[in-house]
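K.L.:
Any chance you could fold what I've pasted below:
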Amino acid sequence: MQSQMLLRQEAINAARNADWQKAIALNQEILEQNSRDLEAMNRLGLALLKTEQLGLAKKTFRQVLEIDSSNIIANKHLSKLKNNEVSPDIIFDKNNDFIEEPGKSKIVALHRLTGREQIKKVKIGQVCKLQLKNRYISIVDEHGKHIGALPEDISFRLSKLIGNGNEYRCVVYKVNEKQCLVQIKETFRSKKNSQLISFPSKSQGNLVLPNDFILEEDIPFEVTGEENDEDELELAMEKINKKDV
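P.N.:
Numbering: from 1, shown residues only. Reported below is the predicted structural model:
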């Protein structure tokens, strides 16, 4: 009998590779060892959906809700089943809680999306990387392929924080052919950034990036639509100083 940890990883890999029959078998084996494993139940429900076993999928998600009535994944799938909506692929990971932590995490809609065929391969729960470009931050998959870009103001801010030692985790929160939302979460704050909040609200004005921090060194990211547009750059800086970022 394989360990729960090994089975879980194999089940996640099976879902990632869209090997749904294997995913069903692996998650059923996990549930034989622990009948209340909600992650395995949700993974099983998705695999049943993907193999068009809709009755069993509904039953599985309802079993999840019997244990945890507020379970987001099970509720969303049952809602989609009720409305005959197609569910996107999901990668289940206990680290993907999508809980908003004020100042430390943010759900962001990506700009400059990749092509339709590539975006179809992106899965909810997929862990991505932040790749610093000359003018923006690109969100890329495990193979380094571009998915989309962070908005200009967030790219501008995070580029400085990352340059001074901060680290971030990026996970796909929602995706379809027209949009892709990711959660960016601060996982490490450097001493140099100790007084700086990654995603400040308007009420956290005393902890926004100070002017000397923003203006030091060369600005590596374009914060405007046109290159060398000084008026737009000044406008972006004014917005930051007014705590809109």
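K.L.:
And the nearest residue to residue 118 once chain neighbours are set aside, how far from residue 57?
P.N.:
Spatial nearest neighbour of residue 118, chain neighbours left out: residue 145 (6.7 Å); criterion: CB to CB, 6 or more residues apart in numbering. C-beta here means a position set from N, CA and C on the backbone, and glycine is covered the same way. Residue 145 sits 30 Å away from residue 57, going by CB to CB, to the nearest Å.
K.L.:
Which residue of these two possesses the greater neighbour count?
P.N.:
Neighbours were counted for residue 145 and for residue 57 using other CB atoms under 10 Å; residue 57 has more, 22 against 13.
K.L.:
which SS class is that one?
P.N.:
Classification of residue 57 by DSSP: H, G, I helix; E, B strand; the rest coil places it in helix.
K.L.:
you'd agree the residue nearest to residue 118 is up against residue 117?
P.N.:
No. The criterion here is CB atoms under 8 Å, and residue 145 misses it with residue 117 at 11.4 Å.
K.L.:
I'd say residue 162 and residue 150 touch.
P.N.:
No. With contact defined as CB under 8 Å, residue 162 does not reach residue 150; the gap is 11.2 Å.
K.L.:
hey, where'd the helices end up in the chain?
P.N.:
With DSSP state H as the criterion, the chain has helices at 4-16, 20-33, 38-50, 54-67, 72-82, 116-119, 152-163, 211-215, 230-241.
K.L.:
Could you say which of those is packed most deeply?
P.N.:
The highest average neighbour count among those, using mean count of other CB atoms under 10 Å, belongs to helix 38-50 at a mean of 24.
K.L.:
Show the contacting residues for residue 55.
P.N.:
Applying CB atoms under 8 Å, 6 or more residues apart in numbering to residue 55 gives no contacts.
K.L.:
For it, give its distance to residue 76.
P.N.:
Counting by CB to CB, the gap from residue 55 to residue 76 is 18 Å.
K.L.:
and what of residue 66?
P.N.:
According to CB to CB, residue 66 stands 17 Å off from residue 76.
K.L.:
do the same with residue 133
P.N.:
33 Å.
K.L.:
What is the neighbour count of residue 193?
P.N.:
For residue 193, the neighbour count with other CB under 10 Å is 20.
K.L.:
Correct me if wrong: it contacts residue 161.
P.N.:
Yes. Here residue 193 reaches residue 161: they are 5.5 Å apart, a contact under CB under 8 Å.
K.L.:
picking up where we left off before, weakest of the helices of the chain by average pLDDT?
P.N.:
Ranked by mean pLDDT, the helices of the chain bottom out at helix 211-215, with a mean of 35.
K.L.:
Quick check: bridge partners of the spatially most central residue of the chain?
P.N.:
Centroid-nearest residue in the chain: residue 171, 2.2 Å away (criterion: CA atoms, centre = their mean). When bridges are called by DSSP bridges, residue 171 pairs up with residue 127, residue 183.
K.L.:
Check the gap between it and residue 156 for me.
P.N.:
Going from residue 171 to residue 156 by CB to CB gives 22 Å.
K.L.:
swap in residue 43?
P.N.:
38 Å.
K.L.:
okay but residue 108 is in contact with residue 182, surely?
P.N.:
Yes. Taking contacts as CB under 8 Å, residue 108 lies within contact range of residue 182: 5.7 Å.
K.L.:
what about those two, which has more around it?
P.N.:
Higher neighbour count among residue 108 and residue 182: residue 182, with 26 against 19, using other CB under 10 Å.
K.L.:
if I look at the more buried one, how far off is residue 45?
P.N.:
Residue 182 is 24 Å from residue 45, by CB to CB.
K.L.:
and what of residue 28?
P.N.:
Applying CB to CB to residue 28 and residue 45 gives a distance of 12 Å.
K.L.:
And for residue 183?
P.N.:
Taking CB to CB, one finds residue 183 at 22 Å from residue 45.
K.L.:
do the same with residue 116
P.N.:
Separation of residue 116 from residue 45 (CB to CB) stands at 27 Å.
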